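[1] got a sequence here, can you model it:
(one chain, ligands or ions: 1)
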Amino acid sequence: MRILITNDDGIYSPGIASLAKVAKKFGEVRVVAPDVEQSSMGHAVTHSRPLSYKKSPIEFKDIEAYRVNGTPADCVAMGMHLWSNVDVVLSGINMGPNLGNSMWHSGTLAAAKQAVLFGIKGIALSTPVGKTEPDFESLESYVERTLELLLQDNELALYNVNFPANPTDIVWTRQSVRLYDGTIIPGTDPMGRKHYWFTVSPLEPADEGTDRWAVENDMVSITPLRLDLTHEITLKEKLTEK
Ligand code: MN
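    Numbers count the residues shown, from 1 in each chain. The predicted model follows:
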């Protein structure tokens, strides 16, 4: 199995090295990732300037790795240009959760979506960051169990996986959809100029069975996703209106 690994935190993130280490147990691994952090870039692609890549050794010397001056979605395209017959794209492990509404902004998930647009399986993997860096070593056994589960067939599929800091189980979930507080918080920079932070937090607690609920309750959340955003009920209504 050919496994292409990318992320949105950049090639030097400890999360991508940890994922590559576990993925090696499942097949051949290559890493193609952004040269700088591209978090919250969503599904942006670079179309107004050329892309380039450079060989870029990571912690595991036996894994070929490249850094690209582009977005996570660009990295998937470049990775599949550099390596034929890729079977699956793994994106992560992101430093920060990608739960509920975050899926709209996530560069991590966008890379997995890009894989599905190219016709191969895409899996996004994320974990929260507290006051200290995530302990990727302690997550390894759950990353391995998750990959065993999701790589056992060849079906075209998109999965969003979130690991709590201390997992106790793995559960299938749905996306938590909550209204944002979505407020702009003003502040002042060291030169006395006004600046602003876009801050986001959910307004209501998470419903049982959702991705956010699972991670809040120390369970690994796997959400199967689809790319078709069509609102089926409304469409049906509109098509039958005379
Ligand atoms: Mn990120």
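[2] so does whatever helix or strand K21 lives in get close to the ion?
    Using DSSP states H and E, K21 sits within helix 14-23. No - counting by Cβ under 5 Å from the ion, the ion has no neighbours in helix 14-23; the shortest distance is 8.2 Å. Backbone N, C-alpha and C define where each C-beta goes, glycine included.
[3] endpoints of stretch 92-103, how far apart?
    End-to-end distance of stretch 92-103 (Cα to Cα, to the nearest Å): 14 Å.
[4] helices of the protein, start to end?
    Under the criterion DSSP state H, helices of the chain are mapped to 14-23, 72-82, 107-117, 136-150, 211-216, 232-240.
[5] other residues contacting the helix holding K21?
    Residues outside helix 14-23 that contact it (Cβ atoms under 8 Å, 6 or more residues apart in numbering) are 3, 5-7, 9, 29, 31, 33, 58-60, 63, 65, 90, 92-95, 125, 127, 133-134, 136-137, 139-140, 143-144, 147.
[6] show me which of those are buried.
    3, 5-7, 9, 29, 31, 33, 58, 63, 65, 90, 92-95, 125, 127, 134, 136, 139, 143, 147 (16 or more other Cβ atoms under 10 Å).
[7] taking this structure, what residue is nearest to the ion?
    Among the residues of the chain, S39 lies closest to the ion, at 3.3 Å counting by Cβ to the ion.
[8] what's the closest non-adjacent residue to that residue?
    Excluding the flanking residues, the one nearest S39 by Cβ to Cβ, 6 or more residues apart in numbering is D8, at 5.0 Å.
[9] same thing with V31?
    Residue nearest to V31 in three dimensions, not counting chain neighbours: A65, with 3.8 Å by Cβ to Cβ, 6+ apart.
[10] OK, contacts around that neighbour?
    If you count contacts by Cβ under 8 Å, 6+ apart, A65 has them with I11, A20, R30, V31, V32, A33, K55, S56, P57, I58.
[11] check G182 too.
    Counting by Cβ under 8 Å, 6+ apart, G182 touches F198, T199, V200.
[12] from the residues you listed, which land in strands?
    Residues of those located in strands (DSSP state E): F198, T199.
[13] got CSV for the contacts of G182, with pLDDT, neighbour count and distance to the ion too?
    Formatted as CSV, the contacts of G182 follow (pLDDT from 0 to 100; neighbours: other Cβ atoms under 10 Å; distance: Cβ to the ion, whole Å):
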residue, pLDDT, neighbour count, distance to the ion
F198, 87, 10, 16
T199, 84, 11, 17
V200, 78, 11, 14
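[14] as JSON lines, the contacts of G182 with distance to H47 would be great.
    Output for those, formatted as JSON lines (distance: Cβ to Cβ, whole Å):
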{"residue": "F198", "distance to H47": "25"}
{"residue": "T199", "distance to H47": "30"}
{"residue": "V200", "distance to H47": "28"}
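[15] for T183, state which of the contacts of G182 is nearest.
    Taking Cβ to Cβ as the measure, T183 sits nearest to T199 out of the contacts of G182, at 5.8 Å.
[16] residue numbers of this protein in contact with the ion?
    Within the chain, the residues that sit near the ion (Cβ under 5 Å from the ion) are D8, D9, S39, N94.
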